[in-house]
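Q: Got a sequence here, can you model it:
(6 chains, ligands or ions: 3)
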Amino acid sequence: MAGLVGSIVTFFQGMGLLNLTWGNVVMILVGLALVYLAIRYEMEPLLLLPIGISAVLVNIPLGHLANWPVAPNLPEHIADNIFSTLSYLNQQYGPPGIFDIIYYTLIRTELVPLLIFFGLGAMTDFGPMIADPKTALMGAAAQIGVFIAMLTALALGFNLDQAASIGIIGGADGPTTIYLTTKLAPEILGATAVAAYSYMSLVPLIQPPIIRAMTSPEERKIRMEQLRPVSKREKIIFPVVAMIVIGLLVPSAAPLVGMLMIGNLFRESGVVERLSKAAQEELMNIVTIFLGLGVGSTMRADSFLTAQTLMILGLGIVAFASATAGGVLFGKLMMKLSGGRINPMIGAAGVSAVPMSARVVQRIASEEDPGNFILMHAMGPNVAGVIGTAVAAGVFLAVLG
Amino acid sequence: MAGLVGSIVTFFQGMGLLNLTWGNVVMILVGLALVYLAIRYEMEPLLLLPIGISAVLVNIPLGHLANWPVAPNLPEHIADNIFSTLSYLNQQYGPPGIFDIIYYTLIRTELVPLLIFFGLGAMTDFGPMIADPKTALMGAAAQIGVFIAMLTALALGFNLDQAASIGIIGGADGPTTIYLTTKLAPEILGATAVAAYSYMSLVPLIQPPIIRAMTSPEERKIRMEQLRPVSKREKIIFPVVAMIVIGLLVPSAAPLVGMLMIGNLFRESGVVERLSKAAQEELMNIVTIFLGLGVGSTMRADSFLTAQTLMILGLGIVAFASATAGGVLFGKLMMKLSGGRINPMIGAAGVSAVPMSARVVQRIASEEDPGNFILMHAMGPNVAGVIGTAVAAGVFLAVLG
Amino acid sequence: MAGLVGSIVTFFQGMGLLNLTWGNVVMILVGLALVYLAIRYEMEPLLLLPIGISAVLVNIPLGHLANWPVAPNLPEHIADNIFSTLSYLNQQYGPPGIFDIIYYTLIRTELVPLLIFFGLGAMTDFGPMIADPKTALMGAAAQIGVFIAMLTALALGFNLDQAASIGIIGGADGPTTIYLTTKLAPEILGATAVAAYSYMSLVPLIQPPIIRAMTSPEERKIRMEQLRPVSKREKIIFPVVAMIVIGLLVPSAAPLVGMLMIGNLFRESGVVERLSKAAQEELMNIVTIFLGLGVGSTMRADSFLTAQTLMILGLGIVAFASATAGGVLFGKLMMKLSGGRINPMIGAAGVSAVPMSARVVQRIASEEDPGNFILMHAMGPNVAGVIGTAVAAGVFLAVLG
Amino acid sequence: MAEFMEGLNLTVLGVTIVFTVLAILAVVLYAVGWAERRLVEKEAKTAPSPASTPAPAPEAKEEKPAIPPRDLAVITAAVLAYTAEKASQLRPLPFKRKISDSWRLYGLQTQMEDVEDFNYEIGKW
Amino acid sequence: MAEFMEGLNLTVLGVTIVFTVLAILAVVLYAVGWAERRLVEKEAKTAPSPASTPAPAPEAKEEKPAIPPRDLAVITAAVLAYTAEKASQLRPLPFKRKISDSWRLYGLQTQMEDVEDFNYEIGKW
Amino acid sequence: MAEFMEGLNLTVLGVTIVFTVLAILAVVLYAVGWAERRLVEKEAKTAPSPASTPAPAPEAKEEKPAIPPRDLAVITAAVLAYTAEKASQLRPLPFKRKISDSWRLYGLQTQMEDVEDFNYEIGKW
Ligand code: NA
Ligand code: NA
Ligand code: NA
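A: Ligands and ions are numbered 1, 2, ... in the order given. Here you go, the predicted structure:
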């Protein structure tokens, strides 16, 4: 009966329970916490639920869903070659699990984040920004938070690549954060992605105290005149022009902005409805599933359970708060310059988190004066913030990438 | 006019008709038979139709839809490296046809079977098993068929890897069969897949005589009390708990069970409806197309037209029949232990083939006593059988894989 | 402050505006022109819009969306090996941009054109050709245009591979053109694809004068008798038979015709509606997006802005016109043979461009005699033309590929 | 024969594990069910009288009996007849018929229904 | 010139094959059509009088003429008017508005209709 | 410290570029908006009196006041009542129930609603 004994021994050696580390246990709890937040409080469930549950799954030992390290030490001559890397990792760590395939071929190649930008473009109406182009500047101002967070991260000892990835959390754009972190500092991808999506869903809690502290009731009561209507022609021209202008000025932002604008052109052109629908629905849903599972699968004990992660979560708040402050400050400047015709609060919507922060601004305005409707004006900085963050990411990539 | 003659000669040498072998003809007929069964008798058409028609297509000589062998002899140092394998096969057998790409990059990597499990999870309601957890044991009992078929296959001269793949047919789970066979014995993938899906659609013919032979009319008349309602909270907790428990005990089953449970969590959480819908529809449909075409393309004359294939088809019946018998026997044991409050027939539903075998059980119950409704009770073993088969596959992989 | 200066210098060196060439500017204008035609005149927008906008995007310098050349000079031992090619290109030209990935892994491998044929099969009703099989011959006659265009291209100095790819434009089948050009002459893919889709949308302008010049009013007034009804059984048998017959005679056409017929079987079988729907919608839409973006990304200044491109656009008209003429001439022959019971105009529908050219024929017939309805009769040659072009492509591949 | 013995071992191992795993799962599910019942009881105590809130619902149904069934039938039949009548009329031709996507896609996608949209009465689309 | 000759050869070969293949396909289709007709004839013989079964259909149409068209028009107009009336009223605000998926997705997907759902009258969503 | 200095440089560079790019974009958008207004003015001149065409619309609304609101309410209530009445009746069992795709797919996809379609009254599907 040596065979049976052998089988049993083999089997028990491979039993997950006996190979469970404390790190695994903690990571499983972290994953469960994300799942709980996603379901109970509907915190960005479309991403935090897949991220959380796949974090649980990859931390079950020997499960063979993710066999390869997230940030492997590669020989120099293949480090930049994704195809050689795949072959090398297979050699070193065995055949890929499903999460390795998703992570390395779909996320590391930037395919998934870019396709999500494509879908977002097909979902976004840039009308309010086209109607009032000066609001685009507020989308720029809110990016100050990105740089403040980056400097704070540097001061705390992160290296430049990591600091840039952490700073971009302040842009409140999940896919941009994932895109940049994957390129610059994949070892902290789990932490920055979780931070970005968590705080995005906490915008209604983070922003109001800051906005109230920085504005007077009189300022919050400023009413703005109705936005002019935007023609279909302008909406069609916008993505083309934006793609060319930004592409020529910051080519490293061209993938993000370009895919966003292609999606938007599909939407506004009105002649390719089935492609526009596909970008928003079937392709978007499939890609979102892979993004969530892939990002969650990078949350392994060894790379996630570090003091760094806690710092990143802390820095995320710094980033969101300073971005809000930057937006409001610039809003006050524009209020002065316009002779009081601009409500400074709409600057806070420049952090993106479309359309949450615009709604937050409207809510505060309504509290002061129930007849004050600045929602649409806040949507201008809001969508501009998406472009602003992509440009900031482009600058980081141009200098560091 | 040597050029024209040359062209004509080249063309005729490449004409399929002149290169047709008897094997091709037979395989084309086999493919057509599957197509006929799928259309005329609606036998699992979602898989048997694509499998059949792609078997026809790959057996047209020189068609360049599938250029690579199904189970190639690989040099040892690349055998386990899918990326090197792709490059090597291209070197040896020329550029991949579309079916080679589908088979090697989507099915051999297990991507497609696991995504199907993901979709199945999003489609499955585990409620009846949660309401009455003891029925889960019947899902275990039916797996006895898996092992009996494996032992019979061994006795007939199959090797262990093949025998395990053949045995798992008795689990009546198409994707699990494909998953395991791909890993252990890809050379018989076509045969096991066809057997699994064929017999699954023949459940209403295979099961009733066995059930009737093993139970008395009195036993078949046993009524069971109404199942208790299951709360949304329990349904949400179930996939998480099941994933962790099974993952820790049988990590080699973690990919199958894990993806199943992620899909189920998407379904039950209620907060990610668009992802759940995508898992059930757009992703599922696309993946099903690729699965059918890819599996069918492995049905080449050289690997399929063997005595082995006939034996596998025969063993498939052994597997289904003994699984049914195992389930019913265990049902009788539980009937005894419960003092006659459990109808032993519901054990037969433990073979999975959700929900066919549960319906078969209900039909037989209705024949004896039109007022006896045990459908929902049979659904418990039914869904438990899916998990049981995945665990059995996990054991095979742990010891043999 | 050397650091800041350094950063600024680095940034400006990478600014697209300073690296813009005249070629880029012209290509951006060409792309914008396609976008304009697609939106303003609805010229095949589902492909010309994505092609145009991605041509704009890839011609923004340093944008890193497409880093690899379209037709690279590969060392001989890897030229035929797609996997080694990917690794080699990464080594030589850096990591792939999103358009490189789409172009090399989805289009160069023929995956996308074949999946589109699959979807087209699921969308096409071959009923009119089954009802009146002799119309299939007109689908053959129109392919004469393919060969005339090829000979003209040869005379103008194109090599055989290029001439064949240019000739196939006359088949008026976008995916077939892309399939063949990718295999034989990828360096002119952008030009042939744009020509094929442009002229397909211009069929209502190109065909009428030719048809009118070649037929007398009496011929155009010929009425044809009602087509016989076609049973479901015949429609199911057709794709199977067509696949086998054509596959055995011209195996090099088997991928195109095979995928077309699998799609058609899914449609007509009636038992796999969800797969048929997926082939026509979710899969088709996603694949169309990738096809358009991938093809458009090959439109780089260096390979597109040549005298060749202008010649190709000119040859496209030659191809379409001679295909129309060939079809009508053969139509007149059949009219004679049938004793005047066949309207010769329906031969013009043999160029495919389903269903545009059939509608053109009907419109001219209505002008002569408002009570003359030959639309359904024109649909026969129309769908036969799709098969005819695939066969012609198969011949080219058999001899040249 | 060695392989068969190994198969037997595998069977013993496999059957044991399958039963063990599903038994453990069952026990866990019983525990979850028990915890759920406890939780529901607790919640019931903290929110004692939620039954009084959903009261206003019934009033919506009161106007139903006011109309005699015969009248109902007449009116309904009238509406249905009108709808049928209308549906049987020739569908008017749209002024500038929008070419459907399926017409356009790659110049192939027949979808014969589109082709048959040809209005045989006026000889035009 | 050699290439052009090769092209001519290819043309001869190609045209021949295209015609041959489609001719064979046509012949096969004629054969299939013939077989189908034979089969239908046979089936017609084995099931001789299926025409009697679908008889009960006409009775459903008999109540149609019972209502004069004028009444029909009045009733229908009434229903349509009511529907229009109702649609023109302010849509009541849902108590706890469920945040749509599009609102949530990555914090970007505007879908302006959602934003405009803001109820300007009561200043709330 | 060197890294922090580099970060400061990056900040200066980044903030400058983000503002520059969005400012340029804004200027371009103002230009586009201006061009659009010019174009619209031109189009308005070339097509001077398009206002006379959409006149026939109002006539459709005239029959509305002809029916008193009370009658409206009665008729509508009747229709609604009938619909509700009909919906409450037992759905008749289809003769040969078509097995849904979800039943067939891989022998797994439960979708309990399908299972529950079992007609407990006649004990059959
Ligand atoms: Na932002
Ligand atoms: Na099973
Ligand atoms: Na054609």
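Q: Please, which helix or strand holds the residue of the stretch 151-300 of chain A found nearest chain D?
A: Closest residue of the stretch 151-300 of chain A to chain D, Cβ to the nearest Cβ: A:R274 (5.2 Å). Using the backbone N, CA and C atoms, a C-beta is placed for each residue, glycine as well. A:R274 belongs to helix A:273-280 when assigned by DSSP states H and E.
Q: For A:S7, give its distance to ligand 3.
A: Distance of A:S7 to ligand 3, given as Cβ to the ion, to the nearest Å: 62 Å.
Q: Point me to the helix or strand that includes that residue.
A: Counting by DSSP H and E, the element that carries A:S7 is helix A:2-13.
Q: Give me the average confidence score over that helix.
A: Computed over helix A:2-13, the mean pLDDT rounds to 70.
Q: what about the helix or strand that that helix is followed by, distance to the chain center?
A: Counting by DSSP H and E, the next helix or strand C-terminal to helix A:2-13 is helix A:22-40. Distance, stretch centre to chain centre, for helix A:22-40: 20 Å (Cα atoms, centre = their mean, to the nearest Å).
Q: who touches helix A:22-40?
A: For helix A:22-40, the external contacting residues (Cβ atoms under 8 Å, 6 or more residues apart in numbering or on different chains) are A:43-45, A:48-49, A:51-57, A:59-61, A:194, A:198, A:296, A:299-302, A:304-305, B:236, B:240, B:244, B:265, B:269-271.
Q: Which SSE is immediately downstream of that helix?
A: With DSSP H and E setting the assignment, the helix or strand that follows helix A:22-40 is helix A:45-58.
Q: Determine the set of other helices and strands touching the helix or strand where A:M138 lies.
A: Assessed by DSSP H and E, A:M138 sits inside helix A:136-141. With contacts taken as 3 or more Cβ pairs under 8 Å, 6 or more residues apart in numbering or on different chains; DSSP states H and E, helix A:136-141 sits against helix A:307-337, helix A:375-400, helix F:2-46.
Q: May I see the buried residues of that helix?
A: For helix A:136-141, a neighbour-count test (16 or more other Cβ atoms under 10 Å in any protein chain shown) marks A:A136, A:L137, A:M138, A:G139, A:A140, A:A141 as buried.
Q: Stretch D:7-22 now?
A: Burial within stretch D:7-22, assessed by neighbour count using 16+ other Cβ under 10 Å, is assigned to D:7-11, D:13-15, D:17-19, D:21-22.
Q: Please report the distance of A:L89 from A:E281.
A: 34 Å (Cβ to Cβ, to the nearest Å).
Q: what's the answer for A:G294, then?
A: 20 Å.
Q: Around the nearest residue to A:V56 once chain neighbours are set aside, how many other residues sit close by?
A: Residue nearest to A:V56 in three dimensions, not counting chain neighbours: A:G31, with 3.7 Å by Cβ to Cβ, 6 or more residues apart in numbering or on different chains. Using other Cβ atoms under 10 Å in any protein chain shown, A:G31 is surrounded by 23 other residues.
Q: same thing with the one 5 residues further on?
A: When neighbours are counted by other Cβ under 10 Å, A:Y36 registers 16.
Q: and the residue of chain D nearest ligand 2?
A: Relative to ligand 2, the nearest point of chain D is D:V18 (10.4 Å; Cβ to the ion).
Q: re earlier: quick check, distance from the helix holding A:S7 to the centre of its chain.
A: The chain centre lies 47 Å from the centre of helix A:2-13; the measure is Cα atoms, centre = their mean.
Q: again, but for stretch A:268-279
A: That offset, for stretch A:268-279, works out to 25 Å (Cα atoms, centre = their mean).
Q: can I get the CA coordinates of it in CSV?
A: Presented in CSV, the C-alpha positions along stretch A:268-279 are these (Å, rounded to 0.1, in the frame of the first residue of the first chain):
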residue,chain,number,x,y,z
GLU,A,268,-20.9,61.8,-31.2
SER,A,269,-20.6,60.9,-34.9
GLY,A,270,-24.0,59.2,-34.8
VAL,A,271,-23.2,56.9,-37.7
VAL,A,272,-21.6,54.0,-35.9
GLU,A,273,-24.1,53.3,-33.2
ARG,A,274,-23.4,49.6,-33.0
LEU,A,275,-19.7,50.2,-32.4
SER,A,276,-20.4,52.9,-29.9
LYS,A,277,-22.8,50.6,-28.1
ALA,A,278,-20.2,47.9,-28.2
ALA,A,279,-17.5,50.2,-26.7
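Q: Is that stretch positioned near chain C?
A: Yes: using Cβ under 8 Å from any Cβ of the partner chain, stretch A:268-279 reaches chain C at A:S269, A:G270, A:V271, A:V272, A:R274, A:L275, A:K277, A:A278, A:A279.
Q: So for that stretch, mean pLDDT?
A: The average pLDDT within stretch A:268-279 is 92.
Q: What residues sit buried inside it?
A: For stretch A:268-279, a neighbour-count test (16+ other Cβ under 10 Å) marks A:E268, A:S269, A:V271, A:V272, A:R274, A:L275, A:S276, A:K277, A:A278, A:A279 as buried.
Q: hmm, back to that, show me which of the buried residues of stretch D:7-22 neighbour chain F.
A: Okay, of these, nothing touches chain F (Cβ under 8 Å from any Cβ).
Q: about what we covered before: when A:G294 and A:E281 are compared, which one has more neighbours?
A: Comparing A:G294 with A:E281 by other Cβ under 10 Å, the one with more neighbours is A:G294, at 29 against 19.
Q: which SS class is that one?
A: At A:G294 the chain is in helix, as set by DSSP: H, G, I helix; E, B strand; the rest coil.
Q: picking that back up, let me know the closest of the buried residues of stretch D:7-22 to A:P113.
A: D:V21 (38.3 Å; Cβ to Cβ).
Q: so what's that closest one up against?
A: B:A140, B:V245, B:I246, B:L249, B:V250, B:V391.
Q: Show me which pair in the residues you listed is furthest apart.
A: B:A140 and B:V245 (14.0 Å).
Q: per-domain residue ranges of chain A.
A: When chain A is parsed with the TED database, its domains come out as A:76-109, A:113-400.
Q: so which of those domains is the most packed in?
A: With neighbours defined as mean count of other Cβ atoms under 10 Å in any protein chain shown, those peak in mean count at domain A:113-400, which reaches a mean of 24.
Q: Can you get me the start-to-end distance on it?
A: Terminal residues of domain A:113-400 are spaced 19 Å apart (Cα to Cα, to the nearest Å).
Q: low-scoring stretches of chain A, by residue?
A: Low-confidence segments of chain A (pLDDT under 70): A:1-4.
Q: Which residues of chain D lie near chain A?
A: D:M5, D:E6, D:L8, D:N9, D:L10, D:V12, D:L13, D:I17, D:D101.
Q: Closest one of these to chain E?
A: Among these, D:D101 lies closest to chain E (Cβ to the nearest Cβ), at 21.5 Å.
Q: okay, that closest one: pLDDT?
A: For D:D101, the pLDDT comes out at 42.
Q: Ok, the one 4 residues further on next?
A: We have a pLDDT of 40 for D:L105.
Q: Spell out which parts of chain D neighbour chain B.
A: Taking Cβ under 8 Å from any Cβ as the measure of proximity, chain D contacts chain B at D:3-4, D:6-8, D:10-11, D:13-15, D:17-30, D:32-33, D:36, D:39-40.
Q: go with 10 Å
A: Contact residues (Cβ under 10 Å from any Cβ of the partner chain) of chain D with chain B: D:1-33, D:35-37, D:39-40.
Q: what separates the residue in chain D that chain A sits nearest to from chain F, distance-wise?
A: In chain D, the residue that lies nearest chain A is D:N9 (3.8 Å; Cβ to the nearest Cβ). Distance of D:N9 to chain F, given as Cβ to the nearest Cβ, to the nearest Å: 30 Å.
Q: pretty sure that residue contacts B:V399?
A: Yes: with contact defined as Cβ atoms under 10 Å, D:N9 and B:V399 form a contacting pair (8.7 Å).
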